[in-house]
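# Kindly return the folded structure for what I paste below:
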Amino acid sequence: MSSQLIKDLLLNTALLLSISIVYNLFFIGIDRRKKWPEAVLGLFLGGVGILLMINTVSFANGIIFDTRSILISVSGLFLGYLPTVIAALLVSLYRLYLGGGALTGVLVTATSAAIGLLWHRYRLPKIVKKSAHVWPELYLFGLLVHLVMLADMLTLPNAQVSAVLQAITLPVLIIYPLGTLLLCLVMLQGLKNQAADDNLRQSRENYKNLYYEFQKKESLLRSLLDSIPDLVFYKDQQSVYLGCNKAFEAFAGKTVDELVGYTDFDLFDSDTATLFRTMDEIMLREKKSRRNEEMVTYPDGRQVYLETLKTPYYDHDGQNLGLIGISRDITERKQHEAEILYLGQHDALTGLHNRSYYEAERQRLDHCDYLPLSLIIGDINGLKLINDAFGHSEGDKLLISIARIMADCARPQDVLVRTGGDEFVMLLPQTSYSEAGALVEKLKSACEAGYKLDNELIITSISLGFATKTSAH
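Numbers count the residues shown, from 1 in each chain. Model (predicted):
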């Protein structure tokens with residue numbers, strides 16, 4: 001083996017490696033989903049192969065050697081079918097053009113491409129995934145390619161086989177597998193760098209998409225919250241506000257930016273803040289939803305009843321992060337409830353309590369604590385005659401007048417009731433018989449004096465009786 005042969009082979013290998021760097025710089029990032037970039041890549045590699053054959057190691061009778069076997073096999077391994085087939089065709093055509101063992105040269109190109117493509121099909125994904133110790137397989141790959149190349153030399157004329165094998169076997173088996181290994185490592189690093197860049201680019205794209213998606217969802221959530229007329233807010237475990245909707249901004253008299261980071265004691269008066277904080281602490285301690293009602297004052301002075309539902313919220317690990325609150329203005333409902341309660345306990349015409357209220361109060365006051373318990377019963381004289389003679393409107397005036405006279409004479413602790421059409425009852429807790437009699441005389445005098453209703457003096461007359469209970473039995 002001559003030193004010139006080794007120098008030529010090393011120069012050929014070095015040229016191949018330098019061209020591979022150009023590939024990594026300009027072709028590694030091409031879009032492999034499109035065919036025309038792969039075709040361009042194949043033409044480029046074919047041109048590289050021709051360039052390699054221009055710088056060849058020549059033997060007698062026109063036999064030439066170069067590192068195109070490295071190029072074609074590594075192309076098959078890393079670049080796949082289309083670039084390798086195009087490159088192999090160009091290299092083979094040029095080798096036929098050169099002559100001198102051309103058929104053997106074409107066979108070397110074909111076998112190198114075939115081995116590379118087989119490795120590409122079955123081994124490349126596993127090679128790329130390996131984090132270390134890939135070089136033994138790549139070296140064995142290069143050794144196999146060039147053992148097959150040496151076997152291809154058997155297709156030369158018999159007179160040339162022995163001389164060619166004797167001249168090239170040792171340098172080919174020493175230099176070419178190493179050259180193949182080095183080129184594979186360069187290509188593999190380029191692929192890993194490209195994969196890392198692709199992953200980074202994909203991560204950035206995913207992050208960007210997630211960010212935009214988050215922005216859209218946040219905007220949607222904000223629009224939904226702001227469209228809700230109820231007050232919506234959320235706090236952390238220390239009852240510090242983290243956000244709210246427009247309705248809560250109006251209630252607090254501050255924007256969400258002015259609310260975030262503050263507590264109820266920073267935003268409301270001491271009594272209101274203490275009420276809110278106490279409810280927060282109870283809910284967080286019990287770790288379950290809690291509903292309550294409270295009366296609050298808006299910045300414009302309006303007083304409203306709020307029904308508030310507070311519920312804890314958690315992260316994906318089940319750790320409590322704070323609470324979410326929804327408050328609804330129930331002022332109108334409370335007014336309706338009060339009206340219903342009032343109508344259920346009062347006479348619509350006179351405004352006095354009705355019989356159902358009387359029955360409940362009679363049972364409540366029938367206790368030793370309220371003794372002596374006195375009772376006054378009144379019956380309007382002539383109500384039916386007035387209704388028949390002058391109409392029910394005049395009778396109603398009489399009822400209203402007597403009801404107001406009795407209300408004016410009653411004490412705060414007394415229970416005054418219209419029990420029927422023309423009947424009235426007064427329950428007098430802790431009132432003696434003589435005190436009840438005095439009140440009866442007062443009522444008679446007031447009725448005899450009449451009552452001025454809408455600038456009209458209404459003459460009234462009522463029959464009264466009374467009794468007193470002095471013992472519990």
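# low-scoring stretches of this structure, by residue?
Along the chain, segments meeting pLDDT under 70 span 1-33, 55-65, 100-101, 473.
# could you pull out the strands for it?
57-58, 64-65, 231-236, 241-244, 290-297, 303-314, 320-329, 373-380, 415-418, 423-428, 451-453, 456-458, 462-469 (DSSP state E).
# What are the buried residues along the fifth one?
Think strand 290-297. 290, 296 (16 or more other Cβ atoms under 10 Å). In short, each C-beta sits where N, CA and C put it, glycine included.
# distance of the residue of the chain most remote from its centre from Ala472?
Going by Cα atoms, centre = their mean, the residue of the chain most distant from its centre is Ala159, 80.2 Å out. According to Cβ to Cβ, to the nearest Å, Ala159 and Ala472 sit 144 Å apart.
# Phe424 too?
26 Å.
# Please say which of the two ends up with more neighbours.
Phe424 (24 against 10; other Cβ atoms under 10 Å).
# For that one, which non-adjacent residue is spatially closest?
Gly378 (4.2 Å; Cβ to Cβ, 6 or more residues apart in numbering).
# ok, what's across the strand from that neighbour?
Note on Gly378: beta-bridge partners Phe424, Leu464, judged by DSSP bridges.
# counting contacts, what elements does the lengthiest helix in the chain pack onto?
Assignment by DSSP state H gives helix 158-227 as the longest helix of the chain. Under the contact criterion of 3 or more Cβ pairs under 8 Å, 6 or more residues apart in numbering; DSSP states H and E, helix 158-227 touches helix 3-26, helix 68-79, helix 124-129, helix 135-152, helix 246-252.
# Could you export the shortest one as PDB, CA atoms only?
Meaning helix 124-129. C-alpha atoms of helix 124-129 as PDB (Å, rounded to 0.1, in the frame of the first residue of the first chain):
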ATOM      1  CA  LEU A 124     -32.500   5.100  11.600                       C
ATOM      2  CA  PRO A 125     -35.400   5.900  14.000                       C
ATOM      3  CA  LYS A 126     -33.600   3.900  16.700                       C
ATOM      4  CA  ILE A 127     -30.300   5.500  16.000                       C
ATOM      5  CA  VAL A 128     -31.700   9.000  16.200                       C
ATOM      6  CA  LYS A 129     -33.400   8.200  19.600                       C
END
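# what's in contact with it?
77-78, 134, 137-138, 188, 191-192, 195 (Cβ atoms under 8 Å, 6 or more residues apart in numbering).
# What are the buried residues along that helix?
Neighbour-count burial for helix 124-129 flags 124, 127 (criterion: 16+ other Cβ under 10 Å).
# likewise the fourth one?
Going by neighbour count (16+ other Cβ under 10 Å), the buried part of helix 135-152 is 137-139, 141-143, 145-146, 148-150, 152.
# out of the contacts of helix 124-129, who has the most neighbours?
Result: Leu77 is most packed of these (other Cβ under 10 Å), 28 neighbours.
# what separates stretch 353-370 from the chain centre, distance-wise?
How far stretch 353-370 lies from its chain's middle: 58 Å, per Cα atoms, centre = their mean, to the nearest Å.
# how near is the nearest residue in space to Ala250 that is not next to it in sequence to Trp36?
Of all residues not flanking Ala250 in the chain, Tyr298 sits nearest, at 7.5 Å (Cβ to Cβ, 6+ apart). Noted for Tyr298: a distance of 70 Å to Trp36, by Cβ to Cβ.
# between those two, who's got more neighbours?
Between Tyr298 and Trp36, counting by other Cβ under 10 Å, Tyr298 is the more crowded of the two (13 against 10).
# give me phi/psi at the more buried one?
Backbone torsions of Tyr298, given as degrees, to the nearest 10, read phi -80, psi 160.
# Could you double-check that it lies in contact with Phe248?
No - with contact defined as Cβ atoms under 8 Å, Tyr298 and Phe248 do not form a contacting pair (11.4 Å).
# Show me the two of the contacts of helix 124-129 that sit farthest apart.
Glu137 and Ala195 (18.5 Å; Cβ to Cβ).
# Please list all residues in contact with the residue nearest to Gly261 when sequence neighbours are not counted.
Excluding the flanking residues, the one nearest Gly261 by Cβ to Cβ, 6+ apart is Val240, at 6.4 Å. Residues near Val240 by Cβ under 8 Å, 6+ apart: 261-263.
# returning to what we had before: just put the buried residues of helix 135-152 in a markdown table and tack on distance to Ile175.
As requested, these are exported to a markdown table (distance: Cβ to Cβ, whole Å):
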| residue | distance to Ile175 |
| --- | --- |
| Glu137 | 19 |
| Leu138 | 15 |
| Tyr139 | 12 |
| Phe141 | 15 |
| Gly142 | 10 |
| Leu143 | 12 |
| Val145 | 13 |
| His146 | 9 |
| Val148 | 16 |
| Met149 | 12 |
| Leu150 | 13 |
| Asp152 | 17 |
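# In those residues, find the pair that's most separated.
Maximum distance among those (Cβ to Cβ): 22.8 Å, for Glu137 and Asp152.
# Can you tell me the closest non-neighbouring residue to Ala472?
Going by Cβ to Cβ, 6+ apart, Ala472 has Cys368 as its nearest residue, at 4.8 Å.
# Pull up the gap between that neighbour and Gln430, please.
Cys368 is 11 Å from Gln430, by Cβ to Cβ.
# If you count surrounding residues, which of the two has more?
For the pair Cys368 and Gln430, the greater number of neighbours falls to Gln430 (13 against 8), based on other Cβ under 10 Å.
# so how far is Gly465 from the more buried one?
Applying Cβ to Cβ, the value for Gln430 to Gly465 is 20 Å.
# and what of Asp264?
Separation of Asp264 from Gly465 (Cβ to Cβ) stands at 59 Å.
# These two: which is more packed in?
A direct count of neighbours by other Cβ under 10 Å for Asp264 and Gly465 places Asp264 higher, at 21 against 10.
# So that one sits against Ala273, correct?
Yes - between Asp264 and Ala273 there is a contact under Cβ under 8 Å: 3.9 Å.
# how many other residues sit next to Leu343?
Using other Cβ under 10 Å, Leu343 has 11 other residues around it.
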